[in-house]
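K.L.:
Need coordinates for the following:
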Amino acid sequence: MIERLLTADVSCAATRAESVPDGTLFPEEEALVAKSVAKRRNDFATARACARRAMAGLGLPPVPVLHGHRGRPLWPEGIVGSLTHCAGYRAAALARATDVLSLGIDAEPHAPLPDGVRELVTLPAERERIGPQMPEGSGAIHWDRLLFSAKESVFKTWYPVTGVELDFTEADLTFHRADGVGDVGGPVGGEGHRGHLTADGTFTARLLLTDPALPTTLHGRWRIEDDIVATAVLVRPDWRAGAGM
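P.N.:
Numbering: from 1, shown residues only. Have a look, this model is predicted:
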C-alpha cells in the first residue's frame, strides 16, 4: 500500500507478517534489541527485513540499519528513507539523496485514537475541520487517526534535515479527498475487497516552526485500505524550484 503513495524513484517494501525468521538481523542490530520484549523485537526485525528488500530495489547490498536519537534509522551514505510498523503492517521506503531530500512514512490501525490523545495531537482548527470523533465500527473514516499518522510522516521528514524536534502542535494539517465524495469529515467514499473501507487523497502540512532547509508547507498523500491508514511525505532536493512529489 505504501508504494501507492510515493513516486517510482522510491523503493518500497511492506509486509503483513508479525515476525521474521531467526537470523534476519545483523549482530549489530541484535545488540540493540537483545533485552527487548518480543513485540519490540518483532517490530524492529520485520521493519528491517522490509528495509533490506527496499535496499535491493535500489541495487544496494544488505547492511545493518542502526538507529540514532529517538530511534531515527541510520541509512547508508547517499540514501534517505523511513520505516514504519503497526499491528498488521510494516514498511520501508528508501531513495537516493540525489532524487529525494527527505521522506517520511507512517502506518496505523484504522481506528479511533485512544481517549484523550486527540486533544494532545491536534490544533483547535484541525479538530474543527475533521469533525467529531467517530466510534469504531461506524464505517466512517477516522480522521483523527489519519491526522495522527500524517503528522508522524511530517515529523519523520522534518527531523533528519533539521535535527530539531517538532511538536504535534507545530504543524497544521488540511486533508483533501480524491474520491470526490463530500468534504473531510463527511460520508465515506467506498468499499474495497471483503467490504473494507478504501479511501485516499492528499494533505498539506503548514509548519508553524520553520527552517530554511525545508519548505514552510509540506505535501503528502494518504490511503486507507484493509483496516490500515498509511501516509507519506516527500521533499525533493530542488523544492525551491517548485518540485513536488
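K.L.:
Quick check: R206 vs F175, distance?
P.N.:
13 Å (C-beta to C-beta, to the nearest Å). Placement of C-beta: from N, CA and C, glycine included.
K.L.:
For these two, indicate the residue with more neighbours.
P.N.:
F175 (21 against 13; other C-beta atoms under 10 Å).
K.L.:
Would you agree the more buried one is in contact with I141?
P.N.:
No. Taking C-beta atoms under 8 Å as the definition, F175 is not a contact partner of I141, at 9.3 Å.
K.L.:
which residue ranges form the helices in this protein?
P.N.:
Residue ranges of the helices in the chain, as given by DSSP state H, are 27-32, 38-57, 117-121, 124-130, 143-162.
K.L.:
out of the ones you listed, deepest packed?
P.N.:
Of all the helices of the chain, helix 143-162 has the most neighbours on average by mean count of other C-beta atoms under 10 Å, namely a mean of 23.
K.L.:
Near the nearest residue to P64 once chain neighbours are set aside, how many other residues are there?
P.N.:
Nearest-residue entry for P64: F26, 4.0 Å, with adjacent residues in sequence omitted and distances by C-beta to C-beta, 6 or more residues apart in numbering. A count of nearby residues for F26, using other C-beta under 10 Å, gives 16.
K.L.:
any weak-confidence spans in the protein?
P.N.:
Confidence mapping of the chain against pLDDT under 70 gives the ranges 180-195, 243-245.
K.L.:
Now do the strands in it.
P.N.:
11-15, 66-67, 73-74, 79-86, 89-96, 102-109, 171-177, 190-191, 197-207, 217-225, 228-235 (DSSP state E).
K.L.:
Counting by contacts, list what the longest one packs against.
P.N.:
Under the contact definition 3 or more C-beta pairs under 8 Å, 6 or more residues apart in numbering; DSSP states H and E, strand 197-207 sits against helix 143-162, strand 171-177, strand 190-191, strand 217-225.
K.L.:
Dump the ones you listed into a markdown table; add distance to L94 as well.
P.N.:
Shown next, in a markdown table, are the helices and strands packed on strand 197-207 (distance: least, C-beta to C-beta, whole Å):
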| stretch | distance to L94 |
| --- | --- |
| helix 143-162 | 13 |
| strand 171-177 | 24 |
| strand 190-191 | 31 |
| strand 217-225 | 17 |
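K.L.:
wait, which of those is closest to L6?
P.N.:
When the helices and strands packed on strand 197-207 are compared by C-beta to C-beta, strand 217-225 sits nearest L6, at 7.7 Å.
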